[in-house]
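[1] can't give you the sequence, but here's the structure:
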């Protein structure tokens, strides 16, 4: 315990990124993630890295594209409206098969919305960040420790699969402080023979590009990318199960919603209700296995979200609609209270939420 | 097991977040599970700033304190806003220099500390927050100089080490009042 320090989630992300070997950060300030940029501004110059406040989010993501082309670990961070602006760049990164890490500390929307926490960018992160067929690996931390862990993991997965990994956090995760230990063993960076680092007149040019005017070539690149996605779906799903062994009701939530849900579950258990939690840690790939297993014994799944019901669609798909799936939510920067979740659990125990 | 849910509230600039950070670190050096969550946003500039601190023997679930068992009110808007949320049997610490009214609740323990006056009388005008922190510790789990010192060392940077002594003194003043 003595090696633990209190850090804000945003700071933990920044320090973990530096430990993971990231020496290039580009960003544009936006609440509630500005501490990431502030931390990078302070640290990067001292360790020979680059901190650059770009003129806009769009500029920042394209700077990420540039550094990623050279094979160096690079990241940007923003919050919901800023991530929307980065959409085009995310699609180009995917089309060029470049690894990068993007942090989204979500706030309420749509539009400029508010600055309080939200999870309403789930669709954007897992399904539709921008045009074209592509995915991002989406990691959803639910503690400050996981903010750091998922940052390191994100860089590793991004490199391994040559794609963007996104840490999908929210305002509370970014702003809260908890004890965190940053004791990581960082492996040697993997070889990136595709990187544009200069040929030294010894090899053919590497070309980083997302433009394929021949349809059959473009199709081939899409097929190859989706073969890789299949491998990821088979190997990289992460989730936590909490008190699911004898559960008759299943709550499912990620991030801050999972923390609130645990309070409610502990209270419901005291009242004799057998309820457990499935917490997806990867939102893409979405961990389907625990849900189909749960349908064998639970009578209802309650999806607790800070959105109008986005993850619930994946929960229904994963559970193949074998049991009813209900929504327990708050939006706009509001957070469900443990009491609200407990009420939903009690309703489920009594015969079902409508 | 025990869990302490604290809500510390006042104006921006009163050291609300710092006092919360100190209490969280004190929990950490005593090997407790802790969380610290600030309010962030427009209310920090002028209105009520607050932070939620949870110190527990068990892993902390939600970091949001909605029913505090310890409330610190360092200005009237904070007392008005949060008095009703305190758990029955909880404790309310009031800076009685800045808040003239009494607490209405009768099912809670109330401590009136003229913290802002004590701070200026003792030539430490910015440490009303730590005077109250000292009072909290003396009332809740005893004032142990060792763990207070260890926690202060974590929250006060090496460059400001001269402030250690003053903070400790502020807390002793709070503990004795």
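    Structure's in. What do you need? A quick note: this is a predicted structure, and the numbers were derived from the prediction, not measured.

[2] State the number of residues packed around residue A:200.
    Residues near residue A:200, counting by other C-beta atoms under 10 Å in any protein chain shown, number 6. For every residue, glycine as well, the C-beta is placed using N, CA and C.

[3] That one belongs to a strand?
    No: under DSSP: H, G, I helix; E, B strand; the rest coil, residue A:200 sits outside any strand and is assigned coil.

[4] Can you point out the buried residues in the least confident helix or strand in chain B by mean pLDDT?
    Of all helical and strand segments in chain B, the minimum by mean pLDDT, DSSP states H and E falls on helix B:145-155, at a mean of 89. Buried positions in helix B:145-155, judged by neighbour count with 16 or more other C-beta atoms under 10 Å in any protein chain shown: B:147-148, B:151-152, B:154-155.

[5] Also within reach of chain A: list those from the residues you listed.
    residue B:154 (C-beta under 8 Å from any C-beta of the partner chain).

[6] Chain A: which of the buried residues of helix B:145-155 is nearest?
    Each of the buried residues of helix B:145-155 was checked against chain A using C-beta to the nearest C-beta; the closest is residue B:154, at 7.4 Å.

[7] my read: the closest one touches residue B:23, true?
    No: Residue B:154 is beyond contact range of residue B:23, at 11.5 Å (criterion: C-beta atoms under 8 Å).

[8] For the chain, give me the ranges with low pLDDT.
    I'll assume chain A. Counting by pLDDT under 70, chain A contains low-confidence ranges at A:1-2.

[9] if you could check chain B rather than the one you did, that'd help
    Counting by pLDDT under 70, chain B contains low-confidence ranges at B:1, B:42-47.

[10] all strands for it, in order.
    With DSSP state E as the criterion, chain B has strands at B:3-11, B:33-38, B:48-56, B:70-73, B:91-95, B:109-113.

[11] Output the ones you listed as JSON lines; include the columns mean neighbour count and distance to chain A.
    Converted to JSON lines, the strands of chain B look like this (neighbours: other C-beta atoms under 10 Å in any protein chain shown; distance: least, C-beta to the nearest C-beta, whole Å):
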{"stretch": "strand B:3-11", "mean neighbour count": "24", "distance to chain A": "10"}
{"stretch": "strand B:33-38", "mean neighbour count": "24", "distance to chain A": "4"}
{"stretch": "strand B:48-56", "mean neighbour count": "24", "distance to chain A": "8"}
{"stretch": "strand B:70-73", "mean neighbour count": "28", "distance to chain A": "18"}
{"stretch": "strand B:91-95", "mean neighbour count": "24", "distance to chain A": "21"}
{"stretch": "strand B:109-113", "mean neighbour count": "18", "distance to chain A": "24"}
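
[12] Would you mind saying which of the ones you listed lies nearest residue A:7?
    Closest to residue A:7 of the strands of chain B is strand B:33-38 (C-beta to C-beta; 10.1 Å).

[13] The residue nearest to residue B:19 when sequence neighbours are not counted: neighbour count?
    Sequence neighbours aside, residue B:129 is the residue nearest to residue B:19 in space, at 4.1 Å (criterion: C-beta to C-beta, 6 or more residues apart in numbering or on different chains). The local packing of residue B:129 (other C-beta under 10 Å) involves 27 other residues.

[14] which residues touch residue B:129?
    By C-beta atoms under 8 Å, 6 or more residues apart in numbering or on different chains, the contact list for residue B:129 reads B:10, B:14-16, B:18-19, B:74, B:115.

[15] Contact partners for residue 140?
    All of this is about chain A. Here residue A:140 is in contact with A:150, A:167-169, A:254-255, A:280-283 (criterion: C-beta under 8 Å, 6+ apart).

[16] my question was about chain B
    Contacts of residue B:140 by C-beta under 8 Å, 6+ apart are B:4, B:70, B:91.

[17] In CSV: these, plus distance to residue B:136.
    Below are the contacts of residue B:140 laid out as CSV (distance: C-beta to C-beta, whole Å):
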residue, distance to residue B:136
B:4, 10
B:70, 6
B:91, 8
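
[18] thinking again about what came up before, tell me which other helices or strands the least confident helix or strand of chain B touches.
    Applying 3 or more C-beta pairs under 8 Å, 6 or more residues apart in numbering or on different chains; DSSP states H and E, one finds that helix B:145-155 contacts helix B:16-29, helix B:162-176.

[19] among those, which is nearest residue A:259?
    Closest among the helices and strands packed on helix B:145-155, once you apply C-beta to C-beta, is helix B:16-29, at 16.4 Å.

[20] and chain B, which residues reach chain A?
    Taking C-beta under 8 Å from any C-beta as the criterion, chain B approaches chain A at residues B:21, B:24-25, B:28, B:31, B:33-38, B:40-41, B:60-64, B:66, B:154.

[21] returning to that earlier point: go through the helices and strands packed on helix B:145-155 and pick out the most buried.
    Mean neighbours per residue, mean count of other C-beta atoms under 10 Å in any protein chain shown, is largest over these for helix B:16-29, with a mean of 24.

[22] contact partners of that helix?
    Counting by C-beta under 8 Å, 6+ apart, residues outside helix B:16-29 touching it are A:1, A:4, A:6, A:177, A:179, B:6, B:8-10, B:33-36, B:38, B:49-53, B:55, B:72, B:74, B:129-130, B:132-133, B:136-137, B:147-148, B:150-152, B:154-155.

[23] Return the distance of that helix from the chain's centre.
    In terms of C-alpha atoms, centre = their mean, to the nearest Å, the centre of helix B:16-29 is found 8 Å from the chain centre.

[24] could you check the angle helix B:162-176 makes with it?
    If you take axes from the mean of the first three to the mean of the last three C-alpha atoms, to 10 degrees, helix B:16-29 sits at 90 degrees to helix B:162-176.

[25] okay, the angle between helix B:16-29 and strand B:33-38?
    170 degrees.

[26] And chain A, what are its domain boundaries?
    Structural domains annotated on chain A: A:5-235, A:240-350, as defined by automatic domain parsing.

[27] Return the residues of the stretch 1-150 of chain A in contact with chain B.
    Within reach of chain B by C-beta under 8 Å from any C-beta, the stretch 1-150 of chain A has these residues: A:1, A:4-6, A:31-32, A:115-116.

[28] Mark which of these are part of strands, please.
    Among those, the ones falling in strands (DSSP E) are A:5-6.

[29] Please name the spatially closest residue to residue 81 (chain neighbours excluded).
    Since no chain was named, I'll use chain A. Residue nearest to residue A:81 in three dimensions, not counting chain neighbours: residue A:112, with 5.8 Å by C-beta to C-beta, 6+ apart.

[30] Chain B, not that one
    Using C-beta to C-beta, 6+ apart, the nearest residue to residue B:81 is residue B:48, at 6.2 Å.

[31] so which of the residues of the stretch 1-150 of chain A next to chain B is the most crowded?
    Result: residue A:32 is most packed of the residues of the stretch 1-150 of chain A next to chain B (other C-beta under 10 Å), 24 neighbours.
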